[in-house]
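1. sequence first, then the predicted structure, then my questions.
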Amino acid sequence: MQAVFIRHGMTAGNREKRYIGGRSDEGLCKEGKELLRALRISGFYPAVDTVYASPMRRCLETAEILYPEIRPQIVEGFRECDFGLFENKTAQEIAELPINWEWSGDQEKVRFPGGEDSEAFIRRSVKAFTELMEREAQIPRAAFVVHGGTIMALLSRLDEKRGTFYDYHLENGEGYLCEIDQSSRIPTLRGCRRLENGA
């Protein structure tokens, strides 16, 4: 089975470099929609047999633009990390918050104030993916239209190359194509490569 992991298109919050997580259910901005349509027309996104998506508007709108003929199956566990007090704020706004908080730079060891523990978020994402693969093993190629954080969580734990969380960072609308090895209880992602025209 092949997996096409796609980060949703740009929102106004993304454009302003805000922390848009599991609480901010904003849709795509005009620029984000236009970019997705242009990439789809260019052949950037591979054809798939089914589509799985986060329940959040930005992912569902992205799936509708990229694969209008396929109704996405919503996976609650693919929701973005809850950034708590940082939700919908810029780095500058976060720096001005009256809280005592320090980030070591390790995304896998963060607890966002009033939000989600990053390790719990990664485990949630992997659990949702693993359970889905147990049920849907026979699909030749599936698209996962989700969040940048969800993709980084999955690939940092499941890619055979075991890169760090930020090694898998994507801009809006970008993605990875991977082969899923389901020979063990926890699936392994092999041969992961960034999407490019003609993939």
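-> Great, that's in hand.
2. doesn't A3 belong to a helix?
-> No. Read with DSSP: H, G, I helix; E, B strand; the rest coil, A3 is strand and lies in no helix.
3. quick one: low-confidence ranges for this structure?
-> In the predicted model, the chain carries pLDDT under 70 at residues 100-109, 198-199.
4. which residue sits farthest out from the middle of it?
-> P98 (30.3 Å; CA atoms, centre = their mean).
5. element containing that one?
-> Following DSSP states H and E, one finds P98 outside all helices and strands.
6. show me how far the top helix by length along the chain is from its chain's centre.
-> Assignment by DSSP state H gives helix 118-135 as the longest helix of the chain. For helix 118-135, the separation from the chain centroid amounts to 12 Å (computed by CA atoms, centre = their mean, to the nearest Å).
7. next secondary structure after it?
-> strand 141-146.
8. just to revisit the earlier point, check what contacts the longest helix of the chain and list those residues.
-> 1, 52, 75-78, 81-82, 107-112, 144, 149-150, 153-154, 156-158, 180, 182, 185-187 (CB atoms under 8 Å, 6 or more residues apart in numbering). Placement of C-beta: from N, CA and C, glycine included.
9. so which of those residues sit within helices?
-> Reading helices off these with DSSP H, I get 149-150, 153-154, 156-158.
10. nothing else from me, thank you.
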